[in-house]
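Undergrad: how would this look folded up:
(one chain, ligands or ions: 1)
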Amino acid sequence: MLASVSLVVEKVGRSLRRKGIRGTLDSCLEGIEDVWFDRRFGVQTLEAVTDRRLPAGPAGIAPTKIRRLRWILRELPVAYQDFVFVDLGSGKGRALLMASEFPFQRIIGVELLPELISVAQKNIHTYSSTTQKCKNIDLICCDAARYELPSEKLVLFLSNPFERSTVSRVLSTLTDSLQKNPRPVYIVYQNPVCHDSVVGSGFAVLSMTRFYTIYTASSV
Ligand SMILES: C[S@@+](CC[C@H](N)C(=O)[O-])C[C@H]1O[C@@H](n2cnc3c(N)ncnc32)[C@H](O)[C@@H]1O
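TA: Okay, here's the model as predicted:
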């Protein structure tokens with residue numbers, strides 16, 4: 001008990017030094033909202049993923065904060081019903097559930113680890129919300145680098161799940177797909193560590209915040 005109290009005190013101290021009072025309060029509220037989301041809907045999206053099958057590259061294996069997802073999804077400059085939302089590296093499906101509150105044509109989660117696909121499947125089945133707008137949610141268990149993109153208009157969501165080589169392969173698949181079938185595509189990249197690769201592949205920055213950047217194919 002004493003050990004966990006001192007852990008919390010240490011964590012808060014670190015946060016205060018890094019983010020100040022306002023930032024620390026914001027982080028606490030974000031955390032509470034995440035816990036509340038799981039409790040309220042009886043789902044399990046909280047814990048970060050660590051697995052030796054994942055590349056040691058980007059550390060960001062934790063799920064995206066609910067508040068941030070809501071913000072991103074609201075800000076998208078798209079007619080939702082015309083677009084397919086694809087979460088590359090969908091984990092336990094939190095982003096898929098949040099996206100389902102918007103009237104996307106359909107929603108797809110692509111995830112490497114079968115055990116996370118099972119958790120996400122359960123979450124999708126359990127999730128019940130009176131405001132849910134899209135129930136057409138598919139899960140695909142595969143390496144995102146090998147995933148063939150759907151031919152519809154796309155919102156691709158990446159929450160820094162991949163190392164650079166995978167991002168490059170995803171971008172090259174997307175570029176090929178756009179050459180064969182030009183269409184509006186938006187890439188929402190949270191914590192965009194491979195920003196240079198995205199821009200280098202010909203995608204233009206549409207908007208940029210501290211946490212994420214939205215890119216679009218320049219022809220849009
Ligand atoms: C940071 S989590 C993101 C979860 C979810 N997108 C969200 O925002 O809450 C990243 C996920 O990407 C998955 N992942 C890592 N490399 C992958 C790959 N090459 N193909 C598909 N999924 C991958 C991990 O297993 C992990 O579940």
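
Undergrad: Which residue ranges of the chain form strands?
TA: Taking DSSP state E, the strands of the chain run over residues 83-88, 106-111, 137-141, 153-158, 185-190, 203-208, 212-217.

Undergrad: So stretch 202-220, near the ligand or not?
TA: No. On the criterion CB under 6 Å from any ligand atom, stretch 202-220 is out of touch with the ligand, staying 10.6 Å away. For glycine as for every other residue, the C-beta is placed from the backbone atoms N, C-alpha and C.

Undergrad: what's the answer for stretch 85-96, then?
TA: Yes. Judged by CB under 6 Å from any ligand atom, stretch 85-96 and the ligand are in contact via Asp87, Gly89, Ser90, Gly91, Arg94, Ala95.

Undergrad: Just put the residues you listed in TSV and tack on pLDDT and neighbour count.
TA: Formatted as TSV, the residues of stretch 85-96 next to the ligand follow (pLDDT from 0 to 100; neighbours: other CB atoms under 10 Å):
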residue	pLDDT	neighbour count
Asp87	98	28
Gly89	95	25
Ser90	96	29
Gly91	94	26
Arg94	97	26
Ala95	97	27
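
Undergrad: okay, among those, which ones form the most distant pair?
TA: Pairwise distances across those (CB to CB) peak at 11.6 Å, for the pair Gly89 and Arg94.

Undergrad: which non-adjacent residue is nearest whichever residue of the chain sits closest to the ligand?
TA: The ligand sits closest to Gly89 of the chain, with a gap of 2.5 Å, by CB to the nearest ligand atom. Once flanking residues are discounted, Gly89 sits nearest to Pro161: 3.0 Å by CB to CB, 6 or more residues apart in numbering.

Undergrad: doesn't Val167 make contact with the residue of the chain closest to the ligand?
TA: No. Using CB atoms under 8 Å, Gly89 makes no contact with Val167, being 10.6 Å away.

Undergrad: How about the one residue sitting closest to the centre of the chain, nearest residue that isn't a chain neighbour?
TA: Closest residue to the average C-alpha location of the chain: Ser159 at 4.3 Å, with CA atoms, centre = their mean. Closest residue to Ser159 apart from its sequence neighbours, by CB to CB, 6+ apart: Gln190 at 4.1 Å.

Undergrad: how about that neighbour, what does it touch?
TA: Contact analysis of Gln190 by CB atoms under 8 Å, 6 or more residues apart in numbering lists Gly60, Thr64, Arg68, Ile72, Phe157, Leu158, Ser159, Asn160, Phe211, Tyr212.

Undergrad: For the last one, give its distance to Leu206.
TA: Which is Tyr212. Distance of Tyr212 to Leu206, given as CB to CB, to the nearest Å: 11 Å.

Undergrad: Same question for the third one.
TA: Distance, Arg68 to Leu206, using CB to CB: 17 Å.

Undergrad: and what of the second one?
TA: Distance, Thr64 to Leu206, using CB to CB: 19 Å.
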